[in-house]
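K.L.:
Quick one: sequence plus predicted model below, questions after.
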Amino acid sequence: YVSTALGIPAGLAINPMTAVAEGAAIYAETIDWEAEELTHKSMRGEIQMSEDAFSFNYIARTAEPQAKLAVHARRQIPVGTVFQVDAPGWSSGRVSLRHGMVVTLPLTVDGANPFTVSVYDQNGKMLQSTQITIERTAPTVSAIPASHSIGVEVLKAMGQRASHLEWLVRAGDHLPVEGRKIFKATQALKANTDESINFKLWEGEIEEPVHDNRFIGVFAIRGWDLSGGLIPAGADLVCDYKMRDDGNITIEISVPQIGGSFRSDREFYSRQEGAVDYSASGSVDQILAEADGLLTRIARLEGRLTDEKLHRAREKTESVLAIRYSDDPDTEPLQEAAEKIYEAKQLLYEVHRENRAQVRHAELDSVQSTYAGMVQPHAEKKDAADIESLFRRMESAISRRDSSFEEYRDELYQHFYRVLWQQDFFIIDCFKHLQEEAVDVTDVQTYHALMTEGKNALVRGDIERLRGILAEMYGLQKRDGSAGQSDDFVNIIRS
């Protein structure tokens with residue numbers, strides 16, 4: 001495929017392992033192994049001359065058979081001053097020393113090419129002389145492009161649940177990339193608590209929904225990271241980040257309001273921190289559940305539009321279902337299945353982007369159906385009026401290019417939840433779901449005690465008490481931002 005796409009015939013004369021080894025050796029030679037962060041050797045060199053009156057700037061590393069050396073004057077150079085560059089078997093001769101003068105230097109051997117740069121006054125007296133070395137390297141790419149975009153998940157606005165990605169690196173950016181983003185905390189963080197401010201990293205190009213991208217990891221500032229006091233809601237969070245050309249991402253968060261700085265205790269490598277262990281039990285069920293959910297989303301759109309990409313998304317997702325009938329699928333087929341699901345999500349995102357109005361109509365139909373079937377029979381008059389008003393706003397926002405449609409949708413679901421929370425059957429169903437679900441909590445003993453008390457309340461028919469117990473149990477669920485928790489809640493916004 002690569003050969004066909006590039007129009008270059010494939011070469012089979014070199015052993016693939018030899019090619020990989022030579023490529024690795026060439027890459028390793030470009031690294032400054034004495035540098036703390038293992039950066040690339042500088043491609044440019046500079047030598048200061050005559051108390052910083054002028055300098056010679058030159059290409060220090062190149063794959064070309066020649067390099068250039070240029071004069072950069074910072075002050076007036078006396079008339080008649082000249083310079084000369086010498087190498088074994090070659091000399092530039094005397095050249096007038098003036099700003100912008102360029103000399104081309106021959107690189108006759110691979111590796112180190114030594115040169116002597118000498119400066120003379122108008123009478124031919126040597127004023128200064130220095131040595132430089134220019135490396136003639138194997139051909140290399142000038143920069144490694146990022147293969148995927150990397151973003152931090154942030155809330156769209158204070159008080160909202162809707163989120164989007166604030167991009168740190170875009171696909172195609174030349175690595176290494178470093179920069180600074182300023183965020184704000186949407187809630188306070190007290191010292192010595194289990195709460196956290198979460199910076200969730202995702203890899204991919206899908207703008208919405210964020211969770212359709214590949215999860216990388218979470219960098220969390222935890223309550224026990226603070227020596228005292230608190231980070232107030234609205235505090236600036238200054239994020240300095242760097243992505244090296246090997247894909248490693250380092251993050252440091254500064255909080256000027258408390259004079260604190262927090263550095264990630266690990267490097268994030270794309271998809272490594274958030275990678276799924278497909279050898280673990282439950283992986284098949286997880287993939288199948290994701291495929292079933294994706295098919296539901298696809299079917300919702302198929303009722304509104306016909307699109308070749310939608311058809312391809314269905315084919316990819318349905319092909320995943322074959323693992324349902326495998327007695328003990330290996331890790332590799334599970335990884336392939338997960339990759340197909342991601343590819344289907346990308347196609348679905350493209351369908352959304354290219355058919356915005358039709359997709360939103362389909363989503364509006366789905367929300368209205370949920371309301372009619374589950375919520376409307378239990379809604380009080382005022383709740384029903386508020387919900388109908390939001391439906392009208394949602395419908396009027398279908399053609400807009402902003403995110404107001406999605407914001408109204410999220411607000412509707414919050415209304416739905418408030419209505420259902422008052423219904424006994426909903427409280428009972430939620431409690432039974434918690435009984436069957438493995439949950440990571442901050443206080444296991446208290447959680448188990450509440451579970452027992454909830455069972456007794458259910459037997460007594462005391463649903464009001466069960467409602468309070470359920471709220472307490474939800475409050476004990478751990479949200480500490482540790483790596484690998486792609487469902488940690490987001491509590492930052494863009495400044």
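P.N.:
Alright, I've got the coordinates.

K.L.:
Using the three-state scheme, assign the residue nearest to Gly89 when sequence neighbours are not counted.
P.N.:
Of all residues not flanking Gly89 in the chain, Thr108 sits nearest, at 7.6 Å (Cβ to Cβ, 6 or more residues apart in numbering). To be clear about C-beta, it is placed using only N, CA and C from the backbone, and glycine gets the same treatment. Here Thr108 is recorded as coil under DSSP: H, G, I helix; E, B strand; the rest coil.

K.L.:
residues in contact with Thr108?
P.N.:
In this structure, Thr108 makes contact with Pro65, Ala87, Gly89, Trp90, judged by Cβ atoms under 8 Å, 6 or more residues apart in numbering.

K.L.:
Would you enumerate the residues in contact with Ser50?
P.N.:
By Cβ under 8 Å, 6+ apart, the residues touching Ser50 are Val119, Leu127, Gln128.

K.L.:
so Gln76 sits in a strand?
P.N.:
No - looking at Gln76 with three-state DSSP, it is coil, so not inside a strand.

K.L.:
Report the separation between it and His99.
P.N.:
10 Å (Cβ to Cβ, to the nearest Å).

K.L.:
now Pro209
P.N.:
For Pro209, the distance to His99 - Cβ to Cβ - is 57 Å.

K.L.:
Check the spatially closest residue to Arg263 that is not a sequence neighbour and give its pLDDT.
P.N.:
Nearest residue to Arg263, sequence neighbours excluded (Cβ to Cβ, 6+ apart): Glu252, at 4.6 Å. Glu252 is assigned a predicted lDDT (pLDDT) of 92.

K.L.:
Would you mind listing where the protein has pLDDT under the threshold?
P.N.:
1-13, 36-38, 140-143, 265-282, 326-330, 438, 478-488 (pLDDT under 70).

K.L.:
What residue in it is the furthest from its centre?
P.N.:
Asn123 (62.2 Å; Cα atoms, centre = their mean).

K.L.:
Shouldn't it be within a helix?
P.N.:
No - counting by three-state DSSP, Asn123 is not found in a helix; it is coil.

K.L.:
Helices of the protein, start to end?
P.N.:
2-6, 16-29, 283-302, 308-320, 331-354, 356-370, 381-396, 404-421, 424-436, 444-460, 463-476 (DSSP state H).

K.L.:
Filter the contacts of Ser50 down to the buried ones.
P.N.:
Among the contacts of Ser50, those classed as buried by 16 or more other Cβ atoms under 10 Å are Val119.

K.L.:
Pipe the contacts of Ser50 into TSV and attach distance to Met473 per row.
P.N.:
Formatted as TSV, the contacts of Ser50 follow (distance: Cβ to Cβ, whole Å):
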residue	distance to Met473
Val119	80
Leu127	82
Gln128	78
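
K.L.:
still on that earlier bit, what's the closest of the helices of the chain to Met43?
P.N.:
helix 16-29 (13.2 Å; Cβ to Cβ).

K.L.:
could I get that closest one in PDB with only the CA atoms?
P.N.:
C-alpha atoms of helix 16-29 as PDB (Å, rounded to 0.1, in the frame of the first residue of the first chain):
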ATOM      1  CA  PRO A  16      13.900  -5.500   7.000                       C
ATOM      2  CA  MET A  17      15.700  -6.100  10.300                       C
ATOM      3  CA  THR A  18      18.800  -4.500   9.000                       C
ATOM      4  CA  ALA A  19      16.800  -1.500   7.700                       C
ATOM      5  CA  VAL A  20      15.200  -1.000  11.100                       C
ATOM      6  CA  ALA A  21      18.600  -1.300  12.900                       C
ATOM      7  CA  GLU A  22      20.200   1.200  10.600                       C
ATOM      8  CA  GLY A  23      17.300   3.600  11.000                       C
ATOM      9  CA  ALA A  24      17.500   3.300  14.800                       C
ATOM     10  CA  ALA A  25      21.300   3.900  14.700                       C
ATOM     11  CA  ILE A  26      20.800   7.000  12.600                       C
ATOM     12  CA  TYR A  27      18.200   8.300  14.900                       C
ATOM     13  CA  ALA A  28      20.300   7.600  18.000                       C
ATOM     14  CA  GLU A  29      23.200   9.600  16.500                       C
END
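
K.L.:
How far away from the center of its chain is it?
P.N.:
Counting by Cα atoms, centre = their mean, to the nearest Å, helix 16-29 is centred 29 Å from the centre of its parent chain.
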